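In: here is the input, now give the coordinates:
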Amino acid sequence: MVDYYINFDRGSDLKGITKILDTIKKIDENDELVITMDNSDAFKSGFIRETLENKGFEILPKGDHMGEKYKLIAHKKKGD
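Out: Predicted coordinates for the structure are as follows:
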């Protein structure tokens, strides 16, 4: 099992999406992808979630206890 982490920073939308697309090519069913962004940027997560779902991933959204960060935790669906 491999964990992949991507920090989706402000101002790096195209770079971040490119990094996500490049990373998901490497992921298999036992790996985990964690995408972190500022809570104020959580509105961007809809596009990211849709992209991951279209590529065969299940996504669990999660906020932190301080309300500062928002995470998308993704796993490739079994059998896809």
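
In: in which helix or strand does Ser45 reside?
Out: helix 45-54 (DSSP states H and E).

In: hmm, I typed the wrong one, I wanted Tyr4.
Out: If you go by DSSP H and E, Tyr4 is part of strand 3-7.

In: do I have it right that Met1 meets Glu32?
Out: Yes. Between Met1 and Glu32 there is a contact at 7.0 Å, judged by C-beta atoms under 8 Å. From N, CA and C alone the C-beta is placed, and that goes for glycine too.

In: the longest helix along the chain to helix 45-54, inter-axis angle?
Out: Longest helix in the chain by number of residues (criterion: DSSP state H): helix 13-24. Interaxial angle, helix 13-24 versus helix 45-54 (axes from the mean of the first three to the mean of the last three C-alpha atoms, to 10 degrees): 20 degrees.

In: so in the chain, where's the weakest helix or strand by average pLDDT?
Out: Lowest on mean pLDDT, DSSP states H and E among the helices and strands of the chain sits helix 13-24, with a mean of 86.

In: in it, what counts as buried?
Out: 16-17, 19-20, 23-24 (16 or more other C-beta atoms under 10 Å).

In: mean confidence for the very next helix or strand once past it?
Out: Downstream of helix 13-24, the first helix or strand assigned by DSSP H and E is strand 32-38. Here strand 32-38 scores 93 as its mean pLDDT.

In: one step back: among the buried residues of helix 13-24, which two are most distant?
Out: Spatial extent of these (C-beta to C-beta) is set by the pair Gly16 and Ile24 at 12.7 Å.

In: bridged to the residue most central in space within the chain, which residues?
Out: Nearest residue to the geometric centre of the chain (C-alpha atoms, centre = their mean): Ile35, 3.6 Å. Residues in a beta bridge with Ile35, per DSSP bridges, are Ile6, Leu72.

In: distance check, it against Gly79.
Out: Ile35 sits 23 Å away from Gly79, going by C-beta to C-beta, to the nearest Å.

In: likewise for Lys55?
Out: On the measure of C-beta to C-beta, Lys55 and Gly79 end up 14 Å apart.

In: likewise for Ile48?
Out: Ile48 is 23 Å from Gly79, by C-beta to C-beta.

In: who has more neighbours out of these two?
Out: Comparing Ile48 with Gly79 by other C-beta atoms under 10 Å, the one with more neighbours is Ile48, at 20 against 6.
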